[in-house]
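**Q** structure of the sequence below:
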Amino acid sequence: MASVFRSEEMCLSQLFLQVEAAYCCVAELGELGLVQFKDLNANVNSFQRKFVNEVRRCESLERILRKSFFLYCLT
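**A** The predicted model follows:
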C-alpha cells in the first residue's frame, strides 16, 4: 500500500500505445493514481504539440461551462 510519509520505490518507464487505445489507457492510469507522467517535450511550445485543436476545443467548452455555471449561480 502506498504511503504519503515514506518514499516508495519507483522506476522510469516508457509506454507505446496505439492511438485508438491511448486515451482509455492514460485515463485509467490516471484514475488509479499510481503513476506520474513526465512531460518529455517541455521545451516544445504548446501550439506546436499534437492535438492542439482538441485542447482548444476543451478550453472553449470549459469557458462556456464556467460562464453557464456563473450565470446559474446568479439566479
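
**Q** just give the number of residues close to residue 44.
**A** Residue 44 has 11 neighbouring residues, counting by other C-beta atoms under 10 Å. Where C-beta positions appear, they are placed from N, C-alpha and C, glycine not excepted.

**Q** what are the ranges of the helices in this structure?
**A** 19-32, 52-74 (DSSP state H).

**Q** output the ones you listed in CSV; the columns should cover mean pLDDT.
**A** Shown next, in CSV, are those (pLDDT from 0 to 100):
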stretch, mean pLDDT
helix 19-32, 90
helix 52-74, 88
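
**Q** now those in JSON lines, with mean neighbour count?
**A** Output for these, formatted as JSON lines (neighbours: other C-beta atoms under 10 Å):
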{"stretch": "helix 19-32", "mean neighbour count": "10"}
{"stretch": "helix 52-74", "mean neighbour count": "10"}
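
**Q** would you turn the ones you listed into TSV with distance to residue 9?
**A** Converted to TSV, those look like this (distance: least, C-beta to C-beta, whole Å):
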stretch	distance to residue 9
helix 19-32	17
helix 52-74	34
